[in-house]
Every structure is written in structure tokens, then in C-alpha cells.
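take a look and give me a structure for this.
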Amino acid sequence: MNDNSESSKVSALAKDATWKLAQFTAGLKFADLPPEVVSHVKRLVLDSIGCSLHGATLPWTRHLIDMIRSEGGTPRATVLCGGYRTSLSQAVLANSSAAHAFEFDDTHKPSFFHPGSICFPVALACAEAEGARNGRDIITAMVAGYEVGTRVGMGATMSLFFRGWHPQGTTGTFVAAASAANILRLSPEQTLDALGIAGTQSAGLMSAQEGAMVKRMHSGRAAQSGIYGALLARRGYSGIRNIVEADFGGFLTTLSDKPDPARVTQGLGTEWETLVVGFKPYPSVASIHAALFALRELMQEHKLVADDIAELHAGVHKMTYVHCAWEYNAQDVTAAQMNLFFGLAAIAVDGDASINQYREDRLRDPRILDVIKRMKADIDPEIDGKGPGNRHAVKLTLRTRDGRTLRKEMTNSPGSPQCPLTFEQIVRKFSTLAAHSLPPAQIERVVEMTQNLDRMDKIDDLVDVLAQARVT
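From the prediction side, this is the model:
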């Protein structure tokens with residue numbers, strides 16, 4: 001490569017980035033984690049379990065679970081709501097796809113994806129398969145995944161998304177490799193190979209969001225790639241050892257037009273991106289949550305119903321506009337969950353946009369479609385000008401049939417680090433998601449076990465409860 005090329009500059013600015021991530025991952029111990037990180041991860045574990053259990057009941061996940069069962073595999077790890085155990089790689093394919101199956105999984109806004117639906121299934125399956133692993137090991141492995149994956153995502157910037165890549169399937173491979181490498185206790189050199197093996201399998205196209213079950217599987221394939229990376233590296237298989245920063249064919253230079261290489265290792269081990277991971281109150285793309293809450297508040301404040309709306313306009317960030325403001329055509333549940341207009345219309349009609357709204361029988365609800373006809377969106381220069389950190393912000397303008405013009409602006413929605421959910425709200429969300437696969441007593445047990453995860457010397461009891469989960 002030419003020394004003056006942009007790729008060479010990236011390589012220089014991110015010099016040894018992959019090696020630094022590998023050293024951090026292999027060296028991370030539970031004792032290194034601040035108490036607030038441990039506390040936050042325990043809540044993230046509960047949330048991820050709920051997302052996994054509910055996701056495993058859905059048709060698109062059942063297809064995958066049935067296929068994996070038919071293929072068979074050495075029984076080393078549990079398939080949630082599957083009633084069987086299979087190989088590590090197949091178990092995480094199922095469980096991570098389930099965790100991402102209903103757009104309810106946690107979110108890290110600066111890196112544009114959902115690391116929890118990858119690192120929890122990977123850590124749990126590895127712990128089960130290896131035996132003699134405890135709750136502290138799971139927490140530590142998840143933090144390794146959160147910290148490494150989010151930094152690679154921040155380094156790639158939203159340019160990765162604008163090129164049409166799905167961060168869940170691309171950046172997610174680094175989450176999985178780091179979590180697996182940590183809990184499998186790989187050396188720094190082995191971890192370097194694991195990252196290089198996993199990262200070269202990065203894949204997932206954003207067009208899947210407009211009507212395809214396969215979007216859910218991007219998470220599972222990322223998790224599976226991380227498992228392959230760690231298991232092969234443990235056997236001496238080599239990977240791309242400079243995969244993050246390579247000037248030709250590297251992750252940053254290939255998947256992003258405008259990478260920010262300094263962010264890959266900035267604050268590694270001292271600034272905890274894990275604490276920036278938020279929870280989703282609605283099962284839809286995080287980019288529209290502020291808009292949904294803003295409309296709900298506007299309608300409650302002025303006692304409006306859907307028929308009162310003459311016109312609704314949303315001013316949003318460019319990424320939200322590209323990601324979510326495309327014409328709604330009732331393709332499938334995935335498309336509805338990713339679409340700004342469907343979510344807003346559900347709020348207008350039902351006052352909510354949750355499990356009961358994102359159902360097949362609601363996709364063509366005449367009342368929802370009628371409200372959508374009265375909506376439009378565009379890129380707001382002020383919101384867009386404040387950069388990627390402001391990409392969830394919204395300016396709503398609602399004109400009523402009786403001639404009033406009402407406005408509401410919102411920058412951060414509930415569930416974000418700036419407006420965190422309470423523990424009670426997280427428990428309620430989990431209980432709702434787990435209701436179709438666990439009885440009430442077991443739901444309470446899972447809540448208790450996750451909150452005592454750092455004191456759990458064996459994870460057998462947690463695995464046993466989750467292994468008993470069934471679709472009801």
C-alpha cells in the first residue's frame with residue numbers, strides 16, 4: 001500500500017490495536033472490574049435472558065432450533081426452549097439468534113449495535129461446556145465482549161452502517177471472540193488469533209431489515225464465528241493478527257469509509273463502555289425510541305386520540321432517517337420493528353408499541369395504516385449537526401384536526417444511560433418476556449440468581465432452570 005494512502009494512516013493510528021485488545025481480553029480478571037460495572041452487568045444478564053427466552057418462542061427462531069436439532073451435535077451446551085443440548089457453535093447460533101429475535105436486546109449507541117445478545121449466550125454456553133466456571137467468570141467474559149466489541153464498533157463509526165453493513169453481524173464477531181477467549185482462558189497470543197479468525201467471518205447486510213427473518217440470525221452467526229475463533233485458536237489455528245488495523249483488507253479500512261481508529265483502544269481498561277449499554281423499553285430499533293416516547297407524552301398531555309392527528313412530522317438525524325424512515329409496506333414483523341412510521345402509528349392508535357403491537361395480525365391494521373398516511377419525516381439540520389451522539393433525538397410537530405400545532409423534542413429516551421430504567425422496570429420487562437417459557441416461581445428464581453451471579457460458585461442451577469424452559 002502507498003504510505004500516503006488513507007488506509008496506511010488508519011494502520012498507523014491504530015498500530016497494534018488488535019494485539020492490545022487481545023492482551024486486555026486475555027488478562028481481564030473479575031477483580032479488575034469496578035463494582036458499578038459488575039452491578040450493571042448483572043442487570044444486563046437478566047435482560048439478555050428475558051430476550052433469549054421470548055425470542056426462542058418466535059417462529060423464525062423455531063425454524064432455526066428445529067434445523068439445528070435435525071443436524072445433531074455433541075451435547076455440550078443447552079439450546080434455550082429447545083429441550084436439548086448440542087455443540088457449542090450450534091447452541092450459540094440458536095441462543096444468540098433468539099436473543100436478537102425481537103429487537104428487545106440491549107443497545108450501545110456509540111457503536112450502533114446490541115452486544116448483550118452476543119456476549120451472554122457465548123459466555124453461558126462456554127461456561128456450561130467447560131464446567132467448573134462460576135458466575136464471576138460469566139460476568140468477566142461478558143465485560144470483555146462489551147469492551148472489545150464496542151470499541152471496534154466505535155472505531156468503524158456509522159460509516160459501516162451507511163455502507164450497508166449490519167453492525168450486529170460484523171462488529172458482533174469481535175464481541176463473541178473476546179467473550180469466548182476470556183472464559184476459555186486463552187493466552188494473549190491465542191486470543192489474537194481468535195479475534196482474527198472471528199473477524200474475517202464478519203457479515204450481515206442492512207437490507208435484511210426491510211423484510212427478512214435472517215436479520216435475527218446475524219447475531220447468531222456472529223456468536224458462532226466467535227466460538228469458531230476461540231476453539232480453533234486453542235488448537236493452534238492462526239488468524240489475521242492485525243485484523244482491526246490492517247491497511248489492506250483490515251476491518252476498519254474495508255468496512256468503513258471514515259473510521260476513527262483512535263477509539264479502538266482509547267480508555268481500554270480505565271473507561272468502561274459496559275456502563276454505556278442501555279436497555280430497550282420497546283421491541284423496536286433504538287433509533288426511534290425517543291420519537292415513540294415523545295409522541296406518547298404529547299398525546300397524553302393534550303388528551304389526544306389517533307383521529308385527532310391531521311399531520312405528524314418527525315425531524316430526525318440522518319442515520320435514523322436512512323435506517324427507519326423508509327416507506328412502510330407491511331412486509332413482516334422485522335420491517336415493522338425497524339420502521340419509524342409503524343411505531344409512531346402504534347403509539348397513536350394503542351398508546352403503546354410493544355409485544356401486542358408487533359404481531360403479524362397488526363401489520364396491516366387499517367387504523368395503523370390510516371395514521372401512517374398522515375406522517376412524514378426528514379433530516380433535521382440541527383439534530384444532524386450535533387453528530388452521531390445525537391442520532392436518537394427527535395423533533396415532533398403534530399397538527400390536530402381542530403387546527404392546533406403541538407411540538408415535542410426529545411434527545412434521550414427512557415432506557416438510555418442518560419435516562420436509566422429502574423431495577424423494578426427491568427424485572428417487569430424480564431417477567432413479561434419469560435412468561436411464555438417459565439412458570440412464575442422459576443421467573444423469581446432467575447431474578448434472584450442473576451442478582452447473586454457474582455457470588456455463584458457454580459452456574460449449574462442457572463443452567464438447569466434455563467434448560468427447563470419450554471414454549472407454552
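
ok, the most centrally placed residue in the chain to Pro417 distance?
The chain has His114 as the residue nearest its centroid, 1.5 Å off, counting by Cα atoms, centre = their mean. Going from His114 to Pro417 by Cβ to Cβ, to the nearest Å gives 15 Å. Any C-beta I mention is one placed from the backbone N, CA and C, and that applies to glycine too.

ditto for Met456
Distance from Met456 to Pro417, by Cβ to Cβ: 27 Å.

in terms of packing, which of these two has more residues around it?
Met456 (18 against 14; other Cβ atoms under 10 Å).

can you give me the pLDDT of the spatially closest residue to the more buried one that is not a sequence neighbour?
Spatial nearest neighbour of Met456, chain neighbours left out: Gly135 (3.5 Å); criterion: Cβ to Cβ, 6 or more residues apart in numbering. Looking at Gly135, its pLDDT stands at 98.

count the neighbours of Gly135 for me.
Gly135 has 22 nearby residues by other Cβ under 10 Å.

pretty sure Asn356 is touching Ala346, no?
No: using Cβ atoms under 8 Å, Asn356 makes no contact with Ala346, being 9.1 Å away.

identify the contacts common to these two.
Taking Cβ atoms under 8 Å, 6 or more residues apart in numbering as the criterion, Asn356 and Ala346 both touch Arg362.

who's in contact with Asp106?
Neighbouring residues of Asp106 by Cβ under 8 Å, 6+ apart: 44, 47-48, 114-117, 277-280.

quick one: the strands in the stretch 201-350 of the chain, in order.
Taking DSSP state E, counting those that start in this stretch to define them, one finds strands in the stretch 201-350 of the chain at 309-316.

and the helices in it?
Using DSSP state H, counting those that start in this stretch, the helices of the stretch 201-350 of the chain run over residues 214-234, 251-255, 289-301, 318-324, 333-338, 340-350.

which helices and strands does the shortest one pack with?
In terms of contacts (3 or more Cβ pairs under 8 Å, 6 or more residues apart in numbering; DSSP states H and E), helix 251-255 is packed against helix 6-13, helix 135-156.

and the closest residue to the residue nearest to the centre of the chain other than its chain neighbours, how close does it get to Asp464?
Using Cβ to Cβ, 6+ apart and skipping residues adjacent in sequence, the residue nearest His114 is Asp105, 4.4 Å away. Going from Asp105 to Asp464 by Cβ to Cβ gives 24 Å.

so the two - more neighbours on which side?
The residue with more neighbours, out of Asp105 and Asp464, is Asp105; 30 against 10, by other Cβ under 10 Å.

who's in contact with that one?
47-48, 51, 99, 114, 116-117, 219, 280.

can I get those in TSV including secondary structure and distance to Leu160?
Listed next are those as TSV, based on DSSP: H, G, I helix; E, B strand; the rest coil; distance: Cβ to Cβ, whole Å:
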residue	secondary structure	distance to Leu160
Asp47	helix	25
Ser48	helix	23
Cys51	helix	23
Ala99	helix	21
His114	coil	15
Gly116	helix	19
Ser117	helix	18
Ser219	helix	16
Lys280	coil	21
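
of those residues, closest to Gly131?
Taking Cβ to Cβ as the measure, Gly131 lies nearest Ser48 of the contacts of Asp105, at 21.7 Å.

just the pLDDT at the residue nearest to that closest one when sequence neighbours are not counted, thanks.
In space, Ser48 comes closest to Phe120 once its chain neighbours are excluded; the distance is 3.9 Å by Cβ to Cβ, 6+ apart. Note on Phe120: pLDDT of 98.

ok, now Cys419?
Model confidence at Cys419 (pLDDT) stands at 96.

so how far is Lys109 from it?
12 Å.

comparing those two, which residue is more hemmed in?
For Cys419 and Lys109, the more surrounded residue by other Cβ under 10 Å is Lys109, and the numbers stand at 21 against 15.

quick revisit: which of the residues in the host helix or strand of the residue nearest to Ser48 are buried?
Using DSSP states H and E, Phe120 maps to helix 116-130. For helix 116-130, a neighbour-count test (16 or more other Cβ atoms under 10 Å) marks 116-129 as buried.

how far out from the middle of the chain is that helix?
On the basis of Cα atoms, centre = their mean, to the nearest Å, helix 116-130 sits 15 Å off its chain's mean C-alpha point.

thanks a lot, see you next time.
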